[in-house]
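Colleague: Need a 3D model of the following:
(2 chains, ligands or ions: 5)
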Amino acid sequence: MSESTDQSNGKSPGSSQPKDTNKEGIPPKSPHGQGDHGDVSNKVKEKPKSLYIRILRQDSPEDASYWERHTITYEPELNMTTVLQRVAAQAKTADGKDVTPVAYDVNCLEEICGSCTMLINGRVRQACSTLVDNLLQENAEEIVLEPMSKFPVIRDLFVDRSRMFHALKKIQGWINVDGYWDAGEGPKQSPAEQQDRYPLSQCMTCGCCLEACPQYTKIEVERGEGESDEAYEDRCREAYSKGFLGAAAISQVVLFNLHPTGKMRAGERLDALSSEGGLQVCGNAQNCVSVCPKSIPLTTSIGRAGRATTVHAIKRFFGF
Amino acid sequence: MEKNASLMSFYYRHEFLIRRLHSLLGLIPIGAYMMVHLTTNASILAGSEIFQKNVDTIHSLGPALPLVEWAFIFTPILFHGIIGVLICFGGKSNLSSYHYVNNYRYTAQRVTGIIAFLFLFYHIMHQHHYGEWLGPYFGMFDPHHATSSVGESFAFWWVKVIYLIGITASIYHLANGIWTAGITWGLWVTPKAQQRADLICFGLGIIFLGIGLAAFYAASTVDIQQVRAEEDAGHDAEVLLKEGEDERLDPTEVPAEEDSSSAEAEEASTEEPTSEAS
Ligand code: HEM
Ligand code: HEM
Ligand code: SF4
Ligand code: SF4
Ligand code: FES
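Modeller: Numbers count the residues shown, from 1 in each chain, chains lettered A, B, ... in the order given. Ligands and ions are numbered 1, 2, ... in the order given. Predicted structure coming up:
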């Protein structure tokens, strides 16, 4: 909080700036053709010389977090991963103090793997597909980066999302094809089934839906002194298995239960959904569907899974 | 502490069943009861005799009434209310970061639930004879003077404020609850279906609010003196009717007697409220 005292060197809008942007000719996603909003979009097009980035850092899982301000030179069409690369390479705060490089997770660079998910200006999204020019419309002064708040921080912006993978194990988020013999060709899928399943298959386990969910609360297992990896893993699994599965895993149950081979395990997946931390924890806030970068119809999945789980529970009660 | 922990562990292990029960009870009997109840109260507008007759019908259960009340009203409300409070503690509202309409509704569902909890406690103590021990402004409902006692219970402005808040909150909670229950039970699943259901629930909410406000208006505008007199008259007529039955008289004669007795009752009416208040 106390970092942001040096606001005087925030930005110095030179008079030549607007002309530059006119030459650029690539407006950010602002709504076009709005003459009377001229002053607003002009302010946006006034590109700053430098970018200020405020980052919530944390040295290790046990340490307390702290804010740090960094600055880099502005360039058009930067994405946040590039910004992070430069911030890390520079390893210097805005006041010129040498610091350790900021740690962050990144992999595919095209919004496919989900690993670069973080809070950017308070909203959860992928760094690689977030464009600085759009962020400047939200807040021209600075960009604020925080690690996701629902997962344990490993370091800086790098979090441990293994709880999501535990959830996928719990619901058997796979199709059983391996065996000791050749099972032959799988059953045919109709195009309609494919259409139904395809959107659900796009989930990249990024965790946006969980970050935004008011019912999904953080579980952090502290590592014991000299505890072995296995023992720690076991304790994590134990703790995670009681927490809410979350929208992503619920939706994956629908995906795999729609699959002609996956159906064979449908009952077991529904049992997992009605166990501790199952879909009953959902409170229908529907934030998940609003933030999912892949526009997966999560609340539709929750409704479908809710019905299937209830029918399954009733059937099981009466021994069908 | 230990016992608490094992109770919570029981809750979490059976949460699926408990949450389904919570949802069901919110609709039936609680939601259904509330709307029948508000409609009954709104029947004051149709005349105090009609409301009295409705109350008499309910109270004709006699000694079975507490049984019915506990089985179909108090127990379900206690269950839904206590689990509801637990549910509120299970989540953490994040409105400041995510300004989606449904996120506001999620939080509003919890806030109105808590308001309903407080309101119901006050309301039942205020009206039902269970609340009499709390003082003169509690346990005010008198089944034999149904309309006038409701009117008297609404005498203070702050009572009206409490009821207005309680009624509005409960109705929002029910209308929005029907919508979320439809998702919980998988009745409307696609965004389009949920939108259509949303419109229907909004419409229902407006109708419910109309009924609720009618009940509120009816209870706020009772002409206590006048109604008390009529009630006493009706009461006397009933006694006469009973006597008449004993003497195997033709019950069609009763209306005439009712007329004459109401004149007597009107004289007595000036004393009645004061003797009640003492
Ligand atoms: C006594 C105090 C009450 C509390 C603390 C309370 C609390 C709650 C909460 C927290 C929910 C959300 C549950 C969820 O998201 O799964 C809820 C749902 C609901 N409540 Fe209440 N409530 C109360 C009274 C009432 C009353 C008086 C009614 C009926 C008029 C009612 C009807 C409903 C319905 C229909 C739902 C929807 C269930 C669902 O989404 O599956 N509640 N209540
Ligand atoms: C204008 C509004 C209302 C009026 C005039 C009113 C009036 C009354 C009266 C007179 C009683 C006592 C009944 C008796 O002892 O036999 C009562 C009980 C009760 N009311 Fe209301 N009420 C109103 C609104 C509500 C609302 C919004 C709810 C919310 C669900 C509610 C729930 C209850 C419950 C649960 C009882 C106790 C059950 C019982 O006594 O059988 N009431 N009400
Ligand atoms: S459902 Fe969407 S938001 Fe959730 S993990 Fe998958 S891709 Fe991310
Ligand atoms: S609908 Fe359920 S899973 Fe999605 S954000 Fe709301 S509570 Fe979480
Ligand atoms: S790096 Fe894979 S989603 Fe951003």
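
Colleague: and the lengthiest helix in chain A, anywhere near ligand 1?
Modeller: The longest helix of chain A (DSSP state H) is helix A:298-317. No: contact of helix A:298-317 with ligand 1 is not found when judged by C-beta under 6 Å from any ligand atom; the minimum separation is 9.2 Å. (Each C-beta comes from the backbone N, C-alpha and C, glycine too.)

Colleague: Any residue of that helix touching chain B?
Modeller: Yes: contact of helix A:298-317 with chain B (C-beta under 8 Å from any C-beta of the partner chain) involves A:299, A:300, A:302, A:303, A:304, A:305, A:306, A:307, A:308, A:309, A:310, A:313.

Colleague: out of those, which is most surrounded?
Modeller: Neighbours here mean other C-beta atoms under 10 Å in any protein chain shown. Within these, the largest count is held by residue A:305, at 29 neighbours.

Colleague: what's the next secondary structure element after the one helix or strand residue A:81 maps to?
Modeller: Assigned by DSSP states H and E, residue A:81 belongs to helix A:80-90. Helices and strands here follow DSSP H and E; after helix A:80-90, the next one along the chain is strand A:117-120.

Colleague: Is that next one positioned near ligand 5?
Modeller: No: Strand A:117-120 lies apart from ligand 5 when judged by C-beta under 6 Å from any ligand atom; the minimum separation is 7.0 Å.

Colleague: just to revisit the earlier point, export the residues of helix A:298-317 next to chain B to TSV and tack on distance to residue A:102 and pLDDT?
Modeller: Output for these, formatted as TSV (distance: C-beta to C-beta, whole Å; pLDDT from 0 to 100):
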residue	distance to residue A:102	pLDDT
A:299	35	97
A:300	38	97
A:302	36	97
A:303	41	97
A:304	41	97
A:305	39	98
A:306	41	97
A:307	45	97
A:308	44	97
A:309	43	97
A:310	47	96
A:313	48	94
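
Colleague: Residues touching the helix holding residue A:81, excluding its own?
Modeller: Applying C-beta atoms under 8 Å, 6 or more residues apart in numbering or on different chains, the external contacts of helix A:80-90 come out as A:51, A:53, A:55, A:70, A:72, A:101-104, A:106, A:109, A:116, A:120, A:127-128, A:130-132, A:135, A:143, A:145, A:157.

Colleague: and these near ligand 3, which?
Modeller: Counting by C-beta under 6 Å from any ligand atom, no member of the contacts of helix A:80-90 reaches ligand 3.

Colleague: and residue B:22, what is it in contact with?
Modeller: By C-beta under 8 Å, 6+ apart, the neighbours of residue B:22 are B:79, B:80, B:83, B:84, B:87.

Colleague: Going by neighbour count, which of those residues comes out on top?
Modeller: residue B:80 (24 neighbours).

Colleague: what about that one, helix or strand, and which?
Modeller: Here residue B:80 is assigned to helix B:75-90, by DSSP H and E.

Colleague: what's the following helix or strand past that helix packed up against?
Modeller: Sequence-wise, the next helix or strand downstream of helix B:75-90 (DSSP H and E) is helix B:101-127. Helix B:101-127 sits against helix A:287-291, helix B:75-90, helix B:146-153, helix B:157-184, with contacts defined as 3 or more C-beta pairs under 8 Å, 6 or more residues apart in numbering or on different chains; DSSP states H and E.

Colleague: Up against ligand 3, what does chain A have?
Modeller: Contact residues, chain A versus ligand 3 (C-beta under 6 Å from any ligand atom): A:114, A:203-209, A:247-248, A:251, A:292-294, A:296, A:298.

Colleague: and the helix holding residue B:80 with helix B:101-127, angle?
Modeller: Angle, helix B:75-90 to helix B:101-127, by axes from the mean of the first three to the mean of the last three C-alpha atoms, to 10 degrees: 140 degrees.

Colleague: now the angle from helix B:75-90 to helix B:157-184?
Modeller: Interaxial angle of helix B:75-90 relative to helix B:157-184 (the same axes, to 10 degrees): 80 degrees.

Colleague: Neighbours of residue 146, how many?
Modeller: All of this refers to chain A. Neighbours of residue A:146 (other C-beta under 10 Å): 21.

Colleague: You answered for a different chain; I wanted chain B.
Modeller: As a measure of burial, residue B:146 has 25 neighbours, counting by other C-beta under 10 Å.

Colleague: could you show me where the strands are in the stretch 151-300 of chain A, in order?
Modeller: Under the criterion DSSP state E, counting those that start in this stretch, the stretch 151-300 of chain A carries strands at the ranges A:153-155, A:158-159.

Colleague: Parallel or antiparallel, list what pairs with the first one.
Modeller: Read that as strand A:153-155. According to DSSP bridges, strand A:153-155 forms sheet pairs with strand A:158-159 (antiparallel).

Colleague: hmm, who's touching the strand it pairs with?
Modeller: A:103, A:104, A:105, A:118, A:147, A:148, A:151, A:152, A:153.

Colleague: Ok, stretch A:120-131 next?
Modeller: In contact with stretch A:120-131 (C-beta under 8 Å, 6+ apart) are residues A:28, A:77-81, A:83-84, A:104, A:106, A:108-111, A:114, A:116-118, A:135, A:138-139, A:143-146, A:148, A:206-208, A:211-212, A:291, A:293, B:97-98.

Colleague: sorry, back to before: for ligand 4, find the nearest of the helices and strands packed on helix B:101-127.
Modeller: helix A:287-291 (3.2 Å; C-beta to the nearest ligand atom).

Colleague: what's around the residue of chain B found nearest ligand 4, how many residues?
Modeller: Here chain B gets closest to ligand 4 at one residue, residue B:106, 6.6 Å apart by C-beta to the nearest ligand atom. A count of neighbours around residue B:106, defined by other C-beta under 10 Å, yields 26.

Colleague: which phi and psi does the nearest residue to it once chain neighbours are set aside have?
Modeller: Leaving aside its chain neighbours, residue B:106 sits nearest to residue A:285 (3.5 Å; criterion: C-beta to C-beta, 6 or more residues apart in numbering or on different chains). Backbone geometry at residue A:285, expressed as degrees, to the nearest 10, gives phi -80, psi -20.

Colleague: isn't residue A:285 right next to residue B:103, touching?
Modeller: Yes: judged on C-beta atoms under 8 Å, residue A:285 makes contact with residue B:103 at a distance of 5.1 Å.

Colleague: between the two, which one's more packed in?
Modeller: The neighbour count for residue A:285 versus residue B:103, taken as other C-beta under 10 Å, is higher for residue A:285 (28 against 21).

Colleague: quick one: contacts for the more buried one?
Modeller: Residue A:285 neighbours (C-beta under 8 Å, 6+ apart): A:213, A:214, A:215, B:91, B:100, B:102, B:103, B:105, B:106, B:107.

Colleague: repeat that with 6 Å
Modeller: Applying C-beta atoms under 6 Å, 6 or more residues apart in numbering or on different chains to residue A:285 gives the contacts A:214, B:102, B:103, B:106.

Colleague: State the distance from it to residue A:310.
Modeller: Distance check for residue A:285 against residue A:310: by C-beta to C-beta, to the nearest Å, it reads 20 Å.

Colleague: nearest residue to residue A:124 other than its sequence neighbours?
Modeller: residue A:211 (4.2 Å).

Colleague: Spatially central, which residue of chain A would that be?
Modeller: In chain A, the residue lying closest to the centroid (C-alpha atoms, centre = their mean) is residue A:208, at 3.4 Å.
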